[in-house]
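Engineer: here you go, sequence then predicted model.
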Amino acid sequence: MAKINVLIAGSTGYIGVQLVKLLIKHPYVKIKYLCGKSSIGKNISKFDSRLKKKKLPKIIKFSKKYLNDVDVVFTSLPNGEAQIISKNLLKKNLLIDLSADFRLENSKLYKKYYKITHRAKGKIKNSIYSIPELSKKKLKNYKIISCPGCYPTSILIPLVPLVKNSLISSNIVADSKSGYSGAGRGVHKKFANKNLYESLSAYGLAVHRHNSEIDQEIERYHNGKFKLSFTPHLSPMFRGILTTIYFDIPKGKSLSLIYKKLIKEYKFSKFVKICKFNKPISTNDVVNTNNCLISVCKSKFKDKGIILSAIDNLIKGGSGQAVQNFNLYYGFNETLGLK
């Protein structure tokens, strides 16, 4: 089979570099162009020495003329920039975006949370918000695939099957701890007054941007408003997310029923793993994998439960999910490039 030509825009960020590292292992991918702004003319190995011996193109400035030479464009850019690229897509191009540009169906909501006007409103209807495990059968109908944020991935994978089947009450608290790589290469400037290596910091209380996509997707499976409180934290580790979800068990339901539902839902999943009941888990269990590890646990209250969810924010919460969507779109084995 002929290889699929790929362009990566935003190739030098943490997620962009991780994406390169995954795609060079993919048997059906040829990385045709690596694009950046501040690193033009440099080798990608400057950002990860493990890429030094790989035959990869030097970093160039993006131009729409390159779209003629590629089948797929991966964008890992600041919010707003993938929208501009989307307006120049050719019929043969598939856009897989790792920013928030096409995560929200409502452009007004996008402006509210991201403080910029959406510049490709007409393209939103051609896009799909895709957690692969939940949308794999629909991908072929779209030319823009929007990959979810890292926090929402860790929250929605365990919650959606439960919300869809009315196995969980509306009053939910999601407490998430992330490695500081989730804030990008500018994290040290952004959090200059924090000691990233020795402290745990809460941020974005009640107003974090990822609230918008969590609410959107939960309400897709629930009739009416759904109350979910989400608080993110930066943890003194480089990568990984551990989310703890606290919830009420509806009358007539049980924690055992919830546990069995998640096992059934993800029985054939390549990357979602359900642990033994009541098992503690850590980010160390998933780092450098595309796995989402889920553990259903008892609370000290009989009418409440706890779900632990762990992912690698740079892989399952970013580049790995993008590659997984790519594989599903083209009908490849879901694990290619991810094992």
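Structural biologist: Perfect, I can see it now.
Engineer: pretty sure residue 213 is touching residue 149, no?
Structural biologist: Yes. The criterion here is CB atoms under 8 Å, and residue 213 meets it with residue 149 at 6.2 Å. Backbone N, C-alpha and C define where each C-beta goes, glycine included.
Engineer: intersection of neighbour lists for the two?
Structural biologist: Residues touching both residue 213 and residue 149 by CB atoms under 8 Å, 6 or more residues apart in numbering: 100, 103.
Engineer: measure how far stretch 108-116 is from the centre of its chain, please.
Structural biologist: 19 Å (CA atoms, centre = their mean, to the nearest Å).
Engineer: list the contacts of that stretch.
Structural biologist: Residues contacting stretch 108-116 (CB under 8 Å, 6+ apart): 79-80, 100, 104, 117-118, 209, 211-212, 216.
Engineer: any of these buried? List them.
Structural biologist: 79-80, 100, 104, 118, 209, 211-212, 216 (16 or more other CB atoms under 10 Å).
Engineer: let me have those in CSV, extended by secondary structure.
Structural biologist: Shown next, in CSV, are those (DSSP: H, G, I helix; E, B strand; the rest coil):
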residue, secondary structure
79, coil
80, coil
100, coil
104, coil
118, coil
209, coil
211, helix
212, helix
216, helix
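Engineer: now render the residues you listed as a markdown table, adding distance to residue 279 and pLDDT.
Structural biologist: Shown next, in a markdown table, are the buried ones among the contacts of stretch 108-116 (distance: CB to CB, whole Å; pLDDT from 0 to 100):
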| residue | distance to residue 279 | pLDDT |
| --- | --- | --- |
| 79 | 37 | 96 |
| 80 | 42 | 97 |
| 100 | 33 | 97 |
| 104 | 35 | 98 |
| 118 | 42 | 98 |
| 209 | 32 | 95 |
| 211 | 29 | 95 |
| 212 | 32 | 96 |
| 216 | 31 | 95 |
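Engineer: pick the one among the residues you listed closest to residue 224.
Structural biologist: residue 216 (14.0 Å; CB to CB).
Engineer: got any ranges where this structure has weak pLDDT?
Structural biologist: 183, 185-194 (pLDDT under 70).
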